[in-house]
Structure formats: structure tokens, C-alpha cells
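Asker: sequence and predicted structure, then a few things I'm wondering about:
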Amino acid sequence: MSRPPVRAVARRLGAGLVVLWVAATAAYLALLAAPGDTVDNIVADGADTPQIRAEIIAEWGLERPVILQYLDYLRRLGGGDLGRSYLLQRPVAEVIGEQIAPTLTLAVAAAGLGVLLALLIAVATAGDRRPWLRRVSSGAELLLVSTPPFLIGLLLLSVLSFRCGLFPVSGDQGIAALVLPAVTLALPIAGLLAQVLRDGIDKALDEPFVLTARARGVRERTVLVRHALRHALLPAVTLAGWLFGILLGGAVIVEQVFGRPGLGQVTLTAVTTRDMPVVLAVVTLSAAVYVAVNTVADLAYLLVDPRLRRS
Amino acid sequence: MTVTLGPPLTDAPTRLLADPTAPTVRRRLRPRPGLLAAGAYLILLVVAAAWPAVLAPGDPLAADPLAVLNPPDAAHWLGTDHLGRDVWTRVVHGAGHSLTIGVAATVLAVAGGVLLGLLAGLTHRVADEALSRTFDALSAFPMLLLALLFIAVAGPGTASLIVAIGIATLPHYARVVRGQTLVVRRAGFVEQAVTFGQSRPRLVLRHVLPNVVGPVPVLAVIGLGEAILAAAGLSFLGMGPQPPSPEWGAMLSEGRNYLQVAWWISILPGLAVTATVVSLTVVGRHWQARFDGRRR
């Protein structure tokens, strides 16, 4: 048993923290660059007197130098405080907390379905066995990856909801209302993941260990699933961060198509009303989760592949 | 006697012996209907963007209250929308919007990416580290959310979309160029140029840059497809060109309310987006395969 690769782990954690800091700073710079006075944004359509303005400036600490405000922002962010919404006059964490459940449900369902589909497609079409099947599925994957998610959603709606009446058109009541949004979000994921997995399986099938397994008389299906697929899963893990980004960005669009409540609706409302603290929080939070997911994937890699511990 | 042992260990020579029409030979002779179709579609798209009147002489904004929500027929062969505007005319005129946004965003991303990538690859380690972490941080934001953040600051519209998508896709090119630069700067011909006392700008422009940008055009073609897809998504959310502009994503968004009675308003512009992205990917991949083959 070798000693734990403390330095490699520490380096990856450190890199993750630095990326987070840069991301938070970039988001803060965006806030500074926003045109119009912050006070104007907070006042919005409410009562506007010099006294109220002075109160707002004092309450949000806007009279202090920018660098102090920035440090304060970082400190609060580090403590998990995401700020207050200009528009709703409530803590952003509360707003996001209320709306995250439907988005999370959608994302988990879509990710599960997408990964499952990708695994099935990849295992069914890898290798040299059925070239026609492979060509068909490559074409289908290209089509799925290239189709805007809202088009997939609208097609499903138009055929399955309006023509056949199988699923509700909108809302978030029950499992039936989750099916179409989850499928919409899962299809592009399945398309790309299947391509990556199949490439991985094809590469693994050329490796000597597959020959060894076949020589031992292992059944072809077992060779595929037990030996080749396992190998192909490793590079697919690096896509975890990408997957998360697709899920979040896709959720914004899919929630809009199917009229589902959730984080996407919160974000869109915040963008159109220039409620910067909410936009900032959603964006920073998503970057944080992305970094966390990627760091965990990196660490998992270290755990699985000893060659990486040295570099 | 045939015993299946899986793929032979050394594949190339055996394959040539066993099968005279080996994939390498066959590939060169096989006609490529997919590639041809993709190329033809892209040419059509450029024509539609540059001279829309050639394909659709009508006015994309002309409403006809007597022909509202008409299904596809001889007069309006992709039907009409809720204001009686001809869908075909609008789809054709929309090509300009989508291509302009996609191309401008990609040009911005490529130019910025090449510049910053060169800078990171050629300068001091500290600057390289700072730039690389910035690329990492930029790619930590999901692309759509980064674009939304930018739009929240700058407001919706065509220019915002271009810059937002440009910034979001820039790190991709910057990373590739940085990696290439790190290799090229150690190459013999660069060292030799330094020995001959060439000035630094000349060194970078004459010797480093041409050897660094090789893979960029191929990436840019595939990236253009992604940029167009992202632009359609953002304008679907109402962040792009505002109605009544015939932008594809915006058309989908408008037509969505009439999906039950008139699918053609929203589905057809969506298919135009899909066809564009598929064509760009097909052409890009083909080019990439040839490029990789040439390098090997």
C-alpha cells in the first residue's frame, strides 16, 4: 500500500479554490460594470427621496471604497451569504432555496436517463459487429447534439401532449409532468456521452487485455461490459463538469418551454429585471458546483489511476 | 478455418493483406452524400444570409390579416404565422441574423483566444498561470449562465449576444493555442531565429503564430455551430434580437403559443437551426479528419 498522495490531492484542491476565487471576482466585476447606479436599481419603481437614497447607501454599505466592498463580498460569500435580492428584498439564499427542488428533480432525472441511454447505445453499437447500426446511431447522436433543446421539447410537446394527449402540457405536478422535460434534457446528454463512451469502448477493445479475456473464453457480452466498458467509463468521468453545465443551462431553457417553476425561472426573471445579486448568486453558485464536481472527479481519478499521482 | 480472436494485434499490414478494399482505400473512393448535402446546405445558407431576396422575394415583416395561421400550401409553402407573415420568407431572412451572430461571436472568440493563448504561452510563468486560471474560471460557468450574466449587465440584443457567446467560448481556443505555443517555442527553428537576432514581434508573427494556429480553423467551424446553437437558445429566452426580427430562436419563442394549432411556425425555424449545426459539424469533422491525416 503506497502512502496517500497528499501533495497531488492538495494541489488539486488548491487549484479548485483559486478557480473559485477568480470566478467570484469575475462575477463581481460584472456587477461593477453594470450600467446605472446601484441605488437606482434598488429604488426601482419604489418611493424615491434623497432620504431613502441615503438609507439605501448606508444599508448596503455603498459609500465605502470599492475594494472594501469587494473584500466584504468575498467574506460574505465565504460564509455562505449570497446577498439580498434588490427586487424581492429577501436573502438570495432563501429565494434560491425555495426554487431549487424542482430544478434538482429535473436535473437528476435527466442525468440518470441520459447516462442510462448513453450506456445502452454505446454497448449496443460498439465494436465491429453491426456497422449499419453504428452508422444509424452515429447519425442520431449527431442530430441530438445539434438540435436546440427547445426544439426537442416543442416537438415532444406537439406530438405527445397535443396530438396524443399522453402528458400534461405544463406545470410540475407529479411524475407525468416530469417525463417530457427530463427526456428533453436527457437526449442531448445521451447523444454526446454515447459518442465518448463508444470511442472509449472501441479503444479498449483493441487492448491486449481484451484479447486475453477472449482467449480465456469469456463471453463477448461479458468482455464488453466487464472489461471494455469499465475502461471506457474513466475518460467519461472527466465529462462530469460538462454534464453539470449542460444540465443547468438546459434547465433554464427546458423550464421555460414546459412552464415549470425552478431556478431557471428565477434566473430569467432576475436577468430581465436586472436583479444583479440573484444573477450573481446563481452564476457563482453554478461555478462553485462545477469546480466541486470537477475536483471530485479529479480526485476519483487519482484514486483509480496510480500513474496520475506522480505528475 | 476461421477462428475469431478479435482484432489482430498489429492491424494495418494484416488488414491490407486480408482485405484489398481496406477502409483507407475505400474511404477515398466512396462518394460522401452526407458531406455533399451539408456543403450544399451551407452554400444555400450563405446565399440566404447575403441575398435573402433571391430565395424569398417577399417582406419578412409583411403581415396579412386574411391569411393567419395558414398551414403550408401553394401560396405560402411553409405556412403563415399568427400575424399572417410568410414563414418561409422569415426563415430565409432569419439566416442572416443567426449567421451574423454566430460568425461574429466565433471571430471574437478566435481572435481573443489566439491573442491570449499566445500571451500565456510566450510570457513569464506568473502571467501564464494567471491567464490559465482565468480561462479555467471562465469555463467553470455554464456557457448559458455566463452569457445570461453578461446580458444582465449589458441588456439584451444582437451585440450583447455576440459578445456574451464570444467570451463564453474564448477559453476553448485560448487553451489550444497556449498548448501549441508551449510546444512551438521550444522548436529548433524558433531557437535558430532567436540566435539570428530576430526581433521579438517578427519572431512571434513570422515563426510562432503560423505554426500555432493550425488547428484553429477546424475548431472554429465546429465552434461556429455551437455558437449558433447557443445564440438560438438565448434568443429563444428573449435575450437576442427583439420581435419582430425574424431570428430563428425568437421565431420559435413567438410560435410556441400556437404550437397546438400551427406547429409549422415554431418547428420549421428550429429545424433550420438543427440543419445548420449538423452541416457545420459534418464539414468540420471531415476537415478535422483530413487535417489529422495530413499531420500524421
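Answerer: Arrived safely.
Asker: excluding residues flanking it in the chain, which one is nearest the most centrally placed residue in chain B?
Answerer: Residue closest to the average C-alpha location in chain B (CA atoms, centre = their mean): B:Leu224, at 1.3 Å. In this structure, B:Leu224 finds its nearest non-sequential neighbour in B:Thr106, 4.8 Å apart by CB to CB, 6 or more residues apart in numbering or on different chains. From N, CA and C alone the C-beta is placed, and that goes for glycine too.
Asker: buried set for whatever helix or strand the one you found lives in?
Answerer: In this assignment (DSSP states H and E), B:Thr106 forms part of helix B:87-122. Within helix B:87-122, the residues scored as buried using 16 or more other CB atoms under 10 Å in any protein chain shown are B:87-106, B:108-110, B:112-114, B:116-122.
Asker: and the helix or strand following it, what's its mean pLDDT?
Answerer: Proceeding N to C from helix B:87-122, the next assigned helix or strand is helix B:125-140, under DSSP H and E. For helix B:125-140, mean pLDDT is 86.
Asker: and if you look at stretch A:180-188?
Answerer: The average of the pLDDT scores along stretch A:180-188 is 90.
Asker: repeat for stretch B:99-106
Answerer: So the average pLDDT for stretch B:99-106 ends up being 94.
Asker: where in the stretch 51-200 of chain B is pLDDT low?
Answerer: For the stretch 51-200 of chain B, no stretch has pLDDT under 70.
Asker: and it, which residues reach chain A?
Answerer: Residues of the stretch 51-200 of chain B lying near chain A by CB under 8 Å from any CB of the partner chain: B:133-134, B:136-138, B:140-146, B:148-156.
Asker: spit out the contact partners of the residue nearest the centre of chain A.
Answerer: Closest residue to the average C-alpha location of chain A: A:Phe244 at 2.2 Å, with CA atoms, centre = their mean. By CB atoms under 8 Å, 6 or more residues apart in numbering or on different chains, the residues touching A:Phe244 are A:Ser286, A:Val289, A:Tyr290, A:Val293, B:Pro142.
Asker: same question, A:Val92
Answerer: Applying CB under 8 Å, 6+ apart to A:Val92 gives the contacts A:Leu82, A:Gly83, A:Arg84, A:Ser85, A:Pro277, A:Val278, A:Ala281.
Asker: so which of these belong to helices?
Answerer: Judged by DSSP state H, helices contain the following of the contacts of A:Val92: A:Pro277, A:Val278, A:Ala281.
Asker: can you count the residues close to the second one?
Answerer: Other residues near A:Val278 number 27, with proximity taken as other CB atoms under 10 Å in any protein chain shown.
Asker: and it, how far from A:Cys164?
Answerer: In this view, A:Val278 and A:Cys164 are 38 Å apart by CB to CB, to the nearest Å.
Asker: which elements pack onto the helix holding B:Thr106?
Answerer: Packed against helix B:87-122 by the contact rule (3 or more CB pairs under 8 Å, 6 or more residues apart in numbering or on different chains; DSSP states H and E) you find helix B:33-50, helix B:52-55, helix B:125-140, helix B:158-184, helix B:209-212, helix B:216-236, helix B:248-255, helix B:264-295.
Asker: quick check: pLDDT value at the residue nearest to the centre of chain B.
Answerer: B:Leu224 is assigned 93 on the pLDDT scale.
Asker: in the stretch 101-250 of chain A, where is pLDDT below threshold?
Answerer: Short version for the stretch 101-250 of chain A, where the test is pLDDT under 70: A:169-173.
Asker: interface residues of it facing chain B?
Answerer: A:128, A:142-143, A:145-151, A:154-155, A:157-158, A:162, A:205-206, A:208, A:210-211, A:214-215, A:241, A:244-246, A:248-250.
Asker: now list the buried members of those residues.
Answerer: Among these, the ones that count as buried by 16+ other CB under 10 Å are A:142-143, A:145-151, A:154-155, A:157-158, A:205, A:210-211, A:214, A:241, A:244-246, A:248-250.
Asker: what about residue 79, how many neighbours?
Answerer: The chain I'm using is chain A. By the measure other CB under 10 Å, the count of residues near A:Gly79 is 8.
Asker: nope, chain B
Answerer: That count, for B:Gly79 with other CB under 10 Å as the rule, works out to 20.
Asker: wait, it sits on B:Pro72?
Answerer: Yes. Counting by CB atoms under 8 Å, B:Pro72 is a contact partner of B:Gly79 at 4.5 Å.
Asker: which residues are in contact with both of those two?
Answerer: By CB under 8 Å, 6+ apart, B:Gly79 and B:Pro72 have these common neighbours: B:Trp264.
Asker: quick one, what contacts the residue nearest to the centre of chain B?
Answerer: Neighbour list for B:Leu224: B:Gly102, B:Val103, B:Thr106, B:Leu280 [criterion: CB under 8 Å, 6+ apart].
Asker: same thing but 10 Å
Answerer: By CB atoms under 10 Å, 6 or more residues apart in numbering or on different chains, B:Leu224 lies in contact with B:99, B:102-103, B:105-107, B:109-110, B:169, B:276-277, B:280-281, B:283-284.
Asker: quick one: which of those residues is nearest B:Thr195?
Answerer: Closest to B:Thr195 out of those is B:Val110 (31.9 Å), distances taken as CB to CB.
Asker: from the residues of the stretch 101-250 of chain A next to chain B, which ones fall inside strands?
Answerer: Among these, DSSP state E puts none in strands.
Asker: which parts of the strand or helix carrying A:Leu233 are buried?
Answerer: Assigned by DSSP H and E, A:Leu233 belongs to helix A:230-237. Across helix A:230-237, burial judged by 16+ other CB under 10 Å covers A:His231, A:Ala232, A:Leu233, A:Ala236.
Asker: hmm, who's touching it?
Answerer: Counting by CB under 10 Å, 6+ apart, A:115, A:118-119, A:122-123, A:126, A:193, A:196-205, A:207, A:209-210, A:224, A:229, A:243, A:296-298, A:300-301, A:304-305 sit against helix A:230-237.
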